[in-house]
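Enquirer: got a sequence here, can you model it:
(4 chains)
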Protein chains: 2
Amino acid sequence: MSSEVTEMRKSRVAKSETHKRIIDIAARRFRERGLEGVSIAKLMEDAGLTIGGFYRHFDSKEALIVETVDRAFHDVDVWKTSCKDISEFIAIYLSANHRDHPGKGCAMGTLAVDISRMNGPPQTFFTRKIQGNLAYFEQCLLDESADERKATATTLLSCLVGAIAISRAVAADSELSDKILTDSKHGIAALLKRKVDALDRQVSATTTK
Amino acid sequence: MSSEVTEMRKSRVAKSETHKRIIDIAARRFRERGLEGVSIAKLMEDAGLTIGGFYRHFDSKEALIVETVDRAFHDVDVWKTSCKDISEFIAIYLSANHRDHPGKGCAMGTLAVDISRMNGPPQTFFTRKIQGNLAYFEQCLLDESADERKATATTLLSCLVGAIAISRAVAADSELSDKILTDSKHGIAALLKRKVDALDRQVSATTTK
DNA sequence: ATTATCTATAGATCTATAGATAATGC
DNA sequence: ATTATCTATAGATCTATAGATAATGC
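Expert: Numbers count the residues shown, from 1 in each chain, chains lettered A, B, ... in the order given. Have a look, this model is predicted:
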């Protein structure tokens, strides 16, 4: 602390990198500990900074939350583009790895309830991202009317978000926690049978023991 | 405040009623505002008491949380016994009324994520209640193997919990919020088709416009 | 001259405890 | 005598601001 050389003002470019770093860390910590479980002082410390600089980057904690929403959805956005089909996406989403690393996972599973307790901008931005995820699922679905696709997409989203949340809540009972993930995968496979732009073989492969 | 007559010591019976009242209010407030969003001082004020008395009832806030878990699941427990079949349960669970009154609704939808961030006793007790809900769903399911029943029960639970959480997160967009509830009902009806101890007519009635 | 970050702190809140008060219960 | 609840407060936070410092950028 006192033995460190105090680094002072950096360039504008460096500032925007700092800004990005704060958001990166916020997106992780918020998902891990909740919006109220992360203090600005600790957040800045995690970023290698002190609390004083925070308010030159953000007007308030709420403003940080708003700016962090996009970043918190980024990991799932990457899965959406990197997965070759919806089955692969579901397998990643309902994996033990996702369950055990909420800070790098789906923001809906970790932050939806916190966000529902806030009004105004945070909820608006969060809603937009949820709509994006619903659109992705719809686009993966095939042999139904538009209404049917929407309904199935919504059901799929609900099931994924619920499953990851419940599996984490029972994490102390690791067998049950695993079972919730695999059983939900199984159930989703049944729900999506012949409704999905994916190899049926694959859906079964991830859900049949 | 200062004009009120200060009421002092009450009987043991009165104390146990006070104890119950604190838990009643905690169960509501925790579901509404989250475990961290409720301070003990405000909680006691809601109960018509002051903070000083709290620690004669509970060793700590965590101890209150543990004791409150059962009460927070009570409303859903009532639905389980009062609903004549699973379809009715699902209709109540995915109603706008449930969405708009989290303090009187499902503890999994409101507290599972908060609980997953705590270790120890709160999580253990919460897990037990989740198992009870899974058992209820299993018992409602019919034409499958025990494994299939378990998988469908888990999927149903995941879907319900996810749908209510997401519908609340997008509450600012009331159309979308409603749609998430009705679409999930629709999707669940498809999932449960011929798997459920319920009138198919009824499942359809709540999900077809 | 401007500004990105720092140290320090005000003011609000939160959990938990100490000790007073007044009613219960022996 | 015991105890259910009260008032008051210690000590630890948390958000946000004030003013200092030292580097950037004109």
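Enquirer: pLDDT weak spots in chain A?
Expert: Along chain A, segments meeting pLDDT under 70 span A:1-8, A:143, A:194-209.
Enquirer: any idea which helix is longest in chain A?
Expert: Longest helix in chain A, counting residues (DSSP state H): helix A:146-169.
Enquirer: angle of whichever helix or strand comes after that helix against helix A:146-169?
Expert: Using DSSP states H and E, the helix or strand that follows helix A:146-169 towards the C-terminus is helix A:174-192. Going by axes from the mean of the first three to the mean of the last three CA atoms, to 10 degrees, helix A:174-192 is angled at 180 degrees with respect to helix A:146-169.
Enquirer: check whether helix A:174-192 comes near chain B.
Expert: Yes: using CB under 8 Å from any CB of the partner chain, we find that helix A:174-192 touches chain B at A:L176, A:K179, A:I180, A:D183, A:S184, A:H186, A:G187, A:I188, A:A190, A:L191. Placement of C-beta: from N, CA and C, glycine included.
Enquirer: so which of those also contact DNA strand D?
Expert: For DNA strand D, no contacts are drawn from these by CB under 7 Å from any atom of the strand.
Enquirer: for the longest helix of chain A, which positions count as buried?
Expert: Residues of helix A:146-169 classed as buried by neighbour count (16 or more other CB atoms under 10 Å in any protein chain shown): A:148-169.
Enquirer: export the residues of helix A:174-192 next to chain B as JSON lines, with columns for neighbour count and distance to A:A96.
Expert: Formatted as JSON lines, the residues of helix A:174-192 next to chain B follow (neighbours: other CB atoms under 10 Å in any protein chain shown; distance: CB to CB, whole Å):
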{"residue": "A:L176", "neighbour count": "18", "distance to A:A96": "13"}
{"residue": "A:K179", "neighbour count": "18", "distance to A:A96": "11"}
{"residue": "A:I180", "neighbour count": "28", "distance to A:A96": "11"}
{"residue": "A:D183", "neighbour count": "26", "distance to A:A96": "14"}
{"residue": "A:S184", "neighbour count": "29", "distance to A:A96": "13"}
{"residue": "A:H186", "neighbour count": "25", "distance to A:A96": "16"}
{"residue": "A:G187", "neighbour count": "25", "distance to A:A96": "18"}
{"residue": "A:I188", "neighbour count": "29", "distance to A:A96": "17"}
{"residue": "A:A190", "neighbour count": "17", "distance to A:A96": "22"}
{"residue": "A:L191", "neighbour count": "21", "distance to A:A96": "22"}
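Enquirer: among those residues, which two are most distant?
Expert: Maximum pairwise distance among these (CB to CB): 21.7 Å, between A:L176 and A:L191.
Enquirer: what's the domain layout of chain A?
Expert: Using automatic domain parsing, the domain ranges for chain A come out as A:1-64, A:73-209.
Enquirer: so who does the residue nearest the centre of chain A touch?
Expert: Chain A has A:C106 as the residue nearest its centroid, 2.0 Å off, counting by CA atoms, centre = their mean. A:C106 makes contact with A:D75, A:V76, A:Y93, A:H98, A:L160, A:V161, A:I164, according to CB atoms under 8 Å, 6 or more residues apart in numbering or on different chains.
Enquirer: look up how far DNA strand C lies from the second one.
Expert: By that I understand A:V76. With distances defined as CB to the nearest atom of the strand, to the nearest Å, the gap from A:V76 to DNA strand C amounts to 29 Å.
Enquirer: neighbours around the residue of chain A found nearest DNA strand C, how many?
Expert: Chain A approaches DNA strand C most closely through A:G52 (2.0 Å), counting by CB to the nearest atom of the strand. A:G52 has 9 neighbouring residues, counting by other CB atoms under 10 Å in any protein chain shown.
Enquirer: any chance you could map the helices in chain A?
Expert: Along chain A, counting by DSSP H, helices occupy A:12-33, A:40-46, A:61-82, A:86-93, A:96-100, A:107-116, A:121-140, A:146-169, A:174-192, A:200-207.
Enquirer: hmm, back to that, out of the residues of helix A:174-192 next to chain B, which comes closest to B:T127?
Expert: A:L176 (6.9 Å).
Enquirer: flag every residue of chain A that's near DNA strand D.
Expert: A:6, A:8-13, A:38-42, A:51-52, A:54-55, A:60-62.
Enquirer: are any of the residues you listed buried, and if so which?
Expert: Looks like the residues of chain A next to DNA strand D have A:V38, A:I40, A:F54, A:K61 buried, using 16+ other CB under 10 Å.
Enquirer: in contact with the last one, which residues?
Expert: Remark: with contacts taken as CB under 8 Å, 6+ apart, A:K61 is in contact with A:I40.
Enquirer: likewise for the first one?
Expert: Counting by CB under 8 Å, 6+ apart, A:V38 touches A:A26, A:R29, A:F30.
Enquirer: do the same with the second one
Expert: A:I40 sits next to A:I51, A:F54, A:K61, A:L64 when contact means CB under 8 Å, 6+ apart.
Enquirer: hang on, A:K10 packs against A:S16?
Expert: No: assessed by CB atoms under 8 Å, A:K10 is found out of contact with A:S16, at 10.0 Å.
Enquirer: that older thread, got the helices of chain A as TSV, with distance to B:F125 columns?
Expert: Formatted as TSV, the helices of chain A follow (distance: least, CB to CB, whole Å):
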stretch	distance to B:F125
helix A:12-33	21
helix A:40-46	29
helix A:61-82	30
helix A:86-93	28
helix A:96-100	20
helix A:107-116	19
helix A:121-140	30
helix A:146-169	11
helix A:174-192	14
helix A:200-207	30
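Enquirer: so which of those is nearest B:G34?
Expert: Closest approach to B:G34 among the helices of chain A is made by helix A:107-116 (7.0 Å; CB to CB).
Enquirer: run the angle between the closest one and helix B:174-192 for me.
Expert: 140 degrees.
Enquirer: packing partners of helix A:107-116?
Expert: Secondary-structure packing of helix A:107-116 (3 or more CB pairs under 8 Å, 6 or more residues apart in numbering or on different chains; DSSP states H and E): helix A:12-33, helix A:61-82, helix A:121-140, helix A:146-169, helix B:107-116, helix B:146-169.
Enquirer: tell me the angle of the fifth one relative to helix B:121-140?
Expert: What it means is helix B:107-116. Relative orientation of helix B:107-116 and helix B:121-140, computed by the same axes, to 10 degrees: 150 degrees.
Enquirer: wait, doesn't A:K179 sit right on B:T154?
Expert: Yes: using CB under 8 Å, A:K179 is in contact with B:T154, at 7.1 Å.
Enquirer: contacting residues around A:M118?
Expert: A:M118 touches A:L35, A:E62, A:I65, counting by CB under 8 Å, 6+ apart.
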